[in-house]
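Novice: Got a sequence here, can you model it:
(one chain, ligands or ions: 1)
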Amino acid sequence: MRTTAFSFELQRARHILTKVNALAPMMREMSDQELQAQTPRMRKMLKGGKSLNSLLPMAFATAREAARRVLGMYPYDVQVIGAIVLHHGWIAEMKTGEGKTLTAALPLYLNGLTGKGAILVTPSRYLAQRDQEELSALYEWLGLTCSLGFDPDDESGNQATVADKRKWYQADILYTTGSTLAFDYLFNNLASRPEDQYLRPYNYAIVDEADAVFLDGANSPMVVASKPELQSNLYRLTDEFVRSLEPVTDYRRSRNHKSAWLTHQGVLKAEQWFRIKGLFDDRHRELYRHISLALQAHFVQQRGHDYMVEDGEVILLDEANGRLMRGMKVNTGIQQAVEQKEGVKISDNRQAVASITYQGLFRLFNNVAGMTGTARIAADEFIDVYKMKVVQIPRHRKNIRKDHQPRVYLTTSEKLIEAIKLAEKLHQKGRPILLIAGSVENSEIVSEILLNRGIPHNLLNARNEANEAAIIKNAGQKNAVTVSTNMAGRGTDIKLGPGVAKLGGLAVIGTEMLDPRVAEQLQGRAGRQGDPGDSWFFISLEDNFVSQNSSPVIRKYYRRHIKHFNHQAKPHRLHNPRILLSLLLLRDKVMVSQRQTRARMYSYENSMRLERMTFYESRDAIMNADDYRKTALNWMEHGFDVILSKRSSWDYGHLKAMVNHWITYDDAQIPADLNYQDLAAVKGYLMSRSNEILDQIEDSIGDPKQIDQFYRSALLKAMDDCWVDQVAYLGYLKTLVQPWTLLQRNPMAVYHEKAYERFKQMIDAVTQEAIRNLLLSTVALNEDGEVVVYFV
Ligand SMILES: Nc1ncnc2c1ncn2[C@@H]1O[C@H](COP(=O)(O)OP(=O)(O)OP(=O)(O)O)[C@@H](O)[C@H]1O
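Specialist: A predicted model of the protein is given here:
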């Protein structure tokens, strides 16, 4: 693993730190006014050609002193080192509780000086809001504007106007979430007039909890869905079909239960069931997509873990942090497939019109940095995929938290009994406790047991996210018991109440085996800033993580022992070294398989990214074109070439039918002497006929601005309609490449080949669509004299 504990980067940062420290006495001497005047001074220097790097020591020293005066916190040397690393676009690994929030303020201030925008991206709205509230006083004191990227009272995120968003994005420093940023990008690029856009070019971003965003978020692209479409009954039909399938013979699941697919036998069964031939043919694309969705809904998605059902509604959960998924942060369709499985009302069917992953999004920035407590584990991947180095920042104070050896049991009930016994014991002494459950359902089970035992506690899971701030505020007080899913795992700053340090600090008790990075984050809720604390994990061989990924050694052991298991006996802790070792190995195995899944996603995204960029660039060019008529004619020429190439020979009858289909419903007026062998002449006739129609349309509209609007909307509509189809096709292609693995072809190569092929076809389709939109639509003016186009 390429970690950089004593790295060149760290040495370089230390060197810069001495320059920052050297300026400290001068900053301390300054009056408030003098310190505040540093901002305009440095802005002037930037305008005068000074580089950001050369301003770094002064800017950091200024912000550091300002933080002391405004927030009462003076960034430690290690935080300044972290800040230098962040400015350089690397990933700063700072252990949990070391103060990343304050660290980020320094590079945000420095990059904010440019006026080009510096953005801090967090994984949740709660953290964005909390950090923005805490730090905006500092930036504003220093004369920079700082904004939140959403309205905290607007839960849906749909209420913000273009003017609001433009104002937020104009701020020097912006705090927002990854998904807000991604959706804003997608919607900005779906606008049909420049006035509806609000983004400026992306400049600098710091991604908080970088591993959660870059790695855990890699598998779920953000998707913007179209308006509701006609409800498809394929969900019901494929649900019935999938219920009839036999495991192993008809379908298989990957070891980790993250994907499911039909076997050859299953494919034959599907063809029989639906009375079709060639399930993978293009014409059965929708059917196959729905079967894949139903397979996922039944064999991958678990109630209580991946989703919840509440008041007859299915709510998907974000696996990495146990939070509700906001917006359409999933491949469209899975929601409906799960609803069908659960027998609740199916929500509207929608098609993806645009999608992006975090990998694609952050490539759009000039400079991106990341920070997290757990980057080291994935340092290689950060370098390979994102070209970002991981630099480990030393701790400010020694970590005195005790992380105890995991306690392993055979069954769920044994481990829960023991975990709660320990919690009770510590609770009697008054120590605050954070009890972690692996899913919403388990958190409720733990809560019920505590209730039965008369232990008062707070419950934090996706159902009561709204109370998060209040619950966390009390979690470090004497006698506090908090039960939580892994939601409490990131960024949650639990401050110890009076007298708690003497009792041993916060005790984190995990009741399930978890992904190593998630577990490390949870442990990090205790022992912050040199505080005392302990962490224990109680795990059983029945835990999801173990059973889904387990090795033959563990499976055999479990089967042998569960037969003789006595439910009445006292819980029995396992000490078998082979089992303990196998559990350790399990973690590595899971990490490797997760990485493989992500590698596939990165590769899909690359293909998609290139297509998306090309598409958005052309779209922007259309939105800002200066001669629409010329552009339209160019497109039409291309479109006619494509149409004409579809027949080997043309005659009067075919050409007339073609003109009536693409150009006009009126008389085709084909010249009697047209030479059908000469395609250039045929095209010449088509173009002149088209020009006549365009002249008529322009005359009927009159106002040149409105004429432009007519062209713009006709061309953009052609592009958008075809792009929707392309996005849907790429989504479908991902599910389709799976069976190719069975035929030994490299699925990735197949994917790229087909994706590119289809993109070329899309460009042809756009120009043809444009012809119809321009020539066959009905144009009218509304009361305000604005052009309204009714497309065919
Ligand atoms: N220089 C400082 N002086 C005093 N207190 C500080 C300083 N820096 C940070 N803190 C405090 O340390 C605590 C932890 O900070 P913060 O929540 O930013 O940690 P973190 O690194 O983000 O942790 P996590 O990895 O859990 O998100 C906060 O209460 C913060 O106010």
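Novice: pretty sure Leu434 is in a strand, no?
Specialist: Yes. Under DSSP: H, G, I helix; E, B strand; the rest coil, Leu434 falls within a strand.
Novice: show me what contacts it?
Specialist: When contacts are counted by CB atoms under 8 Å, 6 or more residues apart in numbering, Leu434 touches Ala475, Thr482, Ser484, Ala488, Ile494, Leu506, Ala507, Val508, Ile509, Leu522, Arg525, Ala526. The way it works is simple: take the backbone N, C-alpha and C, and place the C-beta from them, glycine included.
Novice: swap the cut-off to 7 Å and go again
Specialist: Neighbouring residues of Leu434 by CB atoms under 7 Å, 6 or more residues apart in numbering: Ala475, Thr482, Ser484, Ala488, Leu506, Val508, Arg525.
Novice: do Gln335 as well
Specialist: Val314, Leu316, Ser347.
Novice: Tell me the pLDDT of it.
Specialist: Gln335 is assigned 83 on the pLDDT scale.
Novice: 807 is where my numbering starts, stick with that
Specialist: Shifting the count to begin at 807 puts that one at Gln1141.
Novice: Can you list the buried residues in the helix or strand hosting it?
Specialist: In this assignment (DSSP states H and E), Gln1141 forms part of helix 1140-1148. Residues Ile1140, Gln1141, Gln1142, Ala1143, Val1144, Glu1145, Gln1146, Lys1147, Glu1148 are the ones in helix 1140-1148 that count as buried (16 or more other CB atoms under 10 Å).
Novice: repeat for stretch 878-892
Specialist: For stretch 878-892, burial by neighbour count (16+ other CB under 10 Å) applies to Met879, Pro881, Tyr882, Val884, Gln885, Val886, Ile887, Gly888, Ala889, Ile890, Val891, Leu892.
Novice: same question, stretch 1497-1515
Specialist: For stretch 1497-1515, by 16+ other CB under 10 Å, it's Leu1500, Ile1503, Glu1504, Ile1507, Gln1512, Ile1513, Asp1514, Gln1515.
Novice: same check, this time on stretch 839-851
Specialist: Neighbour counts using 16+ other CB under 10 Å place Leu841, Gln842, Gln844, Thr845, Met848, Arg849, Met851 of stretch 839-851 among the buried residues.
Novice: ok so, going back, let me have the contacts of Leu1240 in a markdown table, adding secondary structure, neighbour count and pLDDT as columns.
Specialist: Output for these, formatted as a markdown table (DSSP: H, G, I helix; E, B strand; the rest coil; neighbours: other CB atoms under 10 Å; pLDDT from 0 to 100):
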| residue | secondary structure | neighbour count | pLDDT |
| --- | --- | --- | --- |
| Ala1281 | coil | 25 | 93 |
| Thr1288 | strand | 23 | 96 |
| Ser1290 | strand | 28 | 93 |
| Ala1294 | helix | 26 | 76 |
| Leu1312 | strand | 29 | 96 |
| Val1314 | strand | 27 | 96 |
| Arg1331 | coil | 29 | 91 |
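Novice: ok, these vs the ligand, which is closest?
Specialist: Taking CB to the nearest ligand atom as the measure, the ligand lies nearest Arg1331 of the contacts of Leu1240, at 6.9 Å.
Novice: for that closest one, what are its contacts?
Specialist: Leu1240, Ala1294, Thr1298, Ile1300, Leu1312, Val1314.
Novice: Contacts for stretch 1464-1473, please.
Specialist: Against stretch 1464-1473 from outside (CB under 7 Å, 6+ apart): Ile1449, Ala1474, Leu1492, Arg1495, Ser1496, Ile1499, Ile1577, Arg1578, Leu1581.
Novice: cutoff 6 Å now
Specialist: Ala1474, Arg1495, Ile1577, Arg1578, Leu1581 (CB atoms under 6 Å, 6 or more residues apart in numbering).
Novice: can I get the contacts of Arg1331 in JSON lines with distance to the ligand?
Specialist: Below are the contacts of Arg1331 laid out as JSON lines (distance: CB to the nearest ligand atom, whole Å):
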{"residue": "Leu1240", "distance to the ligand": "12"}
{"residue": "Ala1294", "distance to the ligand": "10"}
{"residue": "Thr1298", "distance to the ligand": "6"}
{"residue": "Ile1300", "distance to the ligand": "9"}
{"residue": "Leu1312", "distance to the ligand": "12"}
{"residue": "Val1314", "distance to the ligand": "12"}
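Novice: So which of those residues is the closest to Ser930?
Specialist: Nearest to Ser930 among the contacts of Arg1331 is Thr1298, at 9.9 Å by CB to CB.
Novice: separation between the nearest residue to that closest one once chain neighbours are set aside and the ligand?
Specialist: In this structure, Thr1298 finds its nearest non-sequential neighbour in Ile1278, 5.4 Å apart by CB to CB, 6 or more residues apart in numbering. Between Ile1278 and the ligand the distance is 11 Å, computed by CB to the nearest ligand atom, to the nearest Å.
Novice: Look up which helix or strand Ile1278 falls in, please.
Specialist: Here Ile1278 sits within helix 1274-1280, counting by DSSP H and E.
Novice: Can you give me the neighbour number for the residue of the stretch 1457-1598 of the chain found nearest the ligand?
Specialist: As assessed by CB to the nearest ligand atom, the ligand sits closest to Lys1540 within the stretch 1457-1598 of the chain, at 33.3 Å. The local packing of Lys1540 (other CB atoms under 10 Å) involves 18 other residues.
Novice: for it, what are its contacts?
Specialist: So Lys1540 contacts Tyr1410 (CB under 6 Å, 6+ apart).
Novice: which of the residues in the helix or strand harbouring Ile1569 are buried?
Specialist: Secondary structure from DSSP H and E places Ile1569 in helix 1553-1582. Within helix 1553-1582, the residues that qualify as buried are 1553-1554, 1556-1558, 1560-1561, 1564-1565, 1568-1582, counting by 16+ other CB under 10 Å.
Novice: same thing with stretch 855-873?
Specialist: 858, 861-873.
Novice: got it, and stretch 814-826?
Specialist: Counting neighbours by 16+ other CB under 10 Å, the buried set in stretch 814-826 is Glu815, Leu816, Ala819, Ile822, Leu823, Val826.
Novice: Measure how far that stretch is from the centre of its chain, please.
Specialist: In terms of CA atoms, centre = their mean, to the nearest Å, the centre of stretch 814-826 is found 33 Å from the chain centre.
Novice: So is it next to the ligand?
Specialist: No. Using CB under 6 Å from any ligand atom, stretch 814-826 stays clear of the ligand, coming no nearer than 13.9 Å.
Novice: helix or strand for Lys1436, which one?
Specialist: Here Lys1436 sits within helix 1434-1450, counting by DSSP H and E.
Novice: returning to what we had before: and the ligand, which of the buried residues of stretch 878-892 reach it?
Specialist: With CB under 6 Å from any ligand atom as the criterion, the buried residues of stretch 878-892 include Met879, Pro881, Tyr882, Gln885 near the ligand.
Novice: from the residues you listed, which ones fall inside helices?
Specialist: Members of those lying in helices (criterion: DSSP state H): Gln885.
Novice: Pick out whichever of the ones next to the ligand among the buried residues of stretch 878-892 sits closest to Glu1274.
Specialist: Of all those, Glu1274 sits closest to Met879, with 23.0 Å by CB to CB.
Novice: got a pLDDT number for the closest one?
Specialist: 97.
Novice: Before I go, just wanted to say thanks for your time.
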